[in-house]
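**Student:** Quick one, structure for this:
(one chain, ligands or ions: 1)
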Amino acid sequence: MKSSSLKDKVVIITGSSRGIGKAIALAMANKGARVVINGRNAKKLEAARQALLAQGHSVLAVSADVGNYADCQLLVAQVVSTYGQIDVLINNAGISMEGAIADTEPKVFERVLHTNIMGVLLPTKAALAYLKNSKGSIVFTGSIAGYMGLPNYSAYSASKMALTALVQSLKIELAGTGVHVGINYVGFAENEKDKTYYDARGNLQKMPVRKQFKRMPMEQVAYYFVKSIEHKTYKQTLSTIGKFTRFMQQYFPALFEWLMIRKWKQQQKLKHTDNV
Ligand SMILES: NC(=O)c1ccc[n+]([C@@H]2O[C@H](COP(=O)([O-])OP(=O)(O)OC[C@H]3O[C@@H](n4cnc5c(N)ncnc54)[C@H](OP(=O)(O)O)[C@@H]3O)[C@@H](O)[C@H]2O)c1
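**Tutor:** Okay, here's the model as predicted:
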């Protein structure tokens, strides 16, 4: 059997104590990579480390806030002192929000934009010299919410749209260095039961299971991430709904907007009926 190009590579996955990041870590480890998992909550991170160890994988867990540059530098320093190199950085950590702009507290916008934008810029900057040295890969977890500003998810959509600009800038800046830059636009994926989001007031709420859409299993999302690194793809859209959103936004933007307005008005009407 042909061995994967990921064998023995040192792969950092930010935001990998649960959810998509944890699934990516397992998929990379299954390819023989030495994975570095990350998150802020040390207890949850340790549980994820134990789960990977129990499956016989080599794993380093580093608790760090990707929105803090000193933390990102410590993360990189710990990886380099353990493994001596960094081959892949997957900028996956992200947080979500829900609420119309009119109803949402400014601190919610700030938190989401900071984590989802600075939280990919800072780890990238901290690890860049090592990734240039290894001619490695930097891959971002995008979202189909980054194709169009979605109602109720404004800051989240804006943060995910910003990733496209960051990836474009980085790709040009790194041209000729041998570093691969890519982004995977994830559609609706399965959530872990303890996934949370910020409501309009800034309180963390449990993310409900979204039954109205077919959700891609996290393992399948992870499979596409592995492929994107093995094949050094630039942009990849996952899931049928993701491809549909991209197509509509690109070729029928006015029709797509009309559909979104119709749906938004229906939701507002339902909300109003629920409240009376
Ligand atoms: N699920 C979907 O349907 C979907 C669709 C499109 C895109 N995405 C994107 O996929 C990524 C992962 O989503 P998910 O659904 O797996 O979310 P999740 O279950 O909430 O997991 C998020 C992970 O990020 C970590 N994290 C959050 N803020 C962090 C910070 N400041 N520093 C370090 N780690 C941090 C969390 O750990 P701590 O809380 O302990 O820090 C956790 O490990 C996100 O970028 C999200 O936007 C998800």
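
**Student:** ok, and does whatever helix or strand Leu166 lives in reach over to the ligand?
**Tutor:** Leu166 belongs to helix 154-173 when assigned by DSSP states H and E. No: using Cβ under 6 Å from any ligand atom, helix 154-173 stays clear of the ligand, coming no nearer than 6.6 Å. Placement of C-beta: from N, CA and C, glycine included.

**Student:** In terms of secondary structure, what does that helix contact?
**Tutor:** Under the contact criterion of 3 or more Cβ pairs under 8 Å, 6 or more residues apart in numbering; DSSP states H and E, helix 154-173 touches helix 106-113, helix 119-134, strand 137-143, strand 180-186.

**Student:** How about the backbone phi and psi for the nearest residue to Ser4 once chain neighbours are set aside?
**Tutor:** For Ser4, ignoring the flanking residues on the chain, the nearest one in space by Cβ to Cβ, 6 or more residues apart in numbering is Lys31 at 4.1 Å. Backbone torsions of Lys31, given as degrees, to the nearest 10, read phi -90, psi 0.

**Student:** I'd say Lys31 and Val226 touch.
**Tutor:** Yes: at 6.1 Å, Lys31 and Val226 qualify as touching, with contact defined as Cβ atoms under 8 Å.

**Student:** Between the two, which contacts overlap?
**Tutor:** Here Lys31 and Val226 have Ser4, Leu6 as joint contacts, going by Cβ atoms under 8 Å, 6 or more residues apart in numbering.

**Student:** Where does Gln78 fall, secondary structure wise?
**Tutor:** Counting by DSSP H and E, Gln78 is part of helix 69-83.

**Student:** Output that helix as PDB - backbone C-alpha positions only.
**Tutor:** Below are the C-alpha coordinates for helix 69-83, written out as PDB (Å, rounded to 0.1, in the frame of the first residue of the first chain):
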ATOM      1  CA  TYR A  69      -0.200  36.000  20.200                       C
ATOM      2  CA  ALA A  70       1.900  35.100  23.300                       C
ATOM      3  CA  ASP A  71      -0.100  31.900  23.500                       C
ATOM      4  CA  CYS A  72       0.500  31.100  19.800                       C
ATOM      5  CA  GLN A  73       4.200  31.700  20.200                       C
ATOM      6  CA  LEU A  74       4.200  29.300  23.200                       C
ATOM      7  CA  LEU A  75       2.300  26.700  21.200                       C
ATOM      8  CA  VAL A  76       4.800  26.900  18.400                       C
ATOM      9  CA  ALA A  77       7.800  26.800  20.800                       C
ATOM     10  CA  GLN A  78       6.400  23.700  22.500                       C
ATOM     11  CA  VAL A  79       5.800  21.900  19.200                       C
ATOM     12  CA  VAL A  80       9.300  22.800  18.000                       C
ATOM     13  CA  SER A  81      11.000  21.700  21.300                       C
ATOM     14  CA  THR A  82       9.100  18.400  21.100                       C
ATOM     15  CA  TYR A  83       9.400  17.500  17.400                       C
END
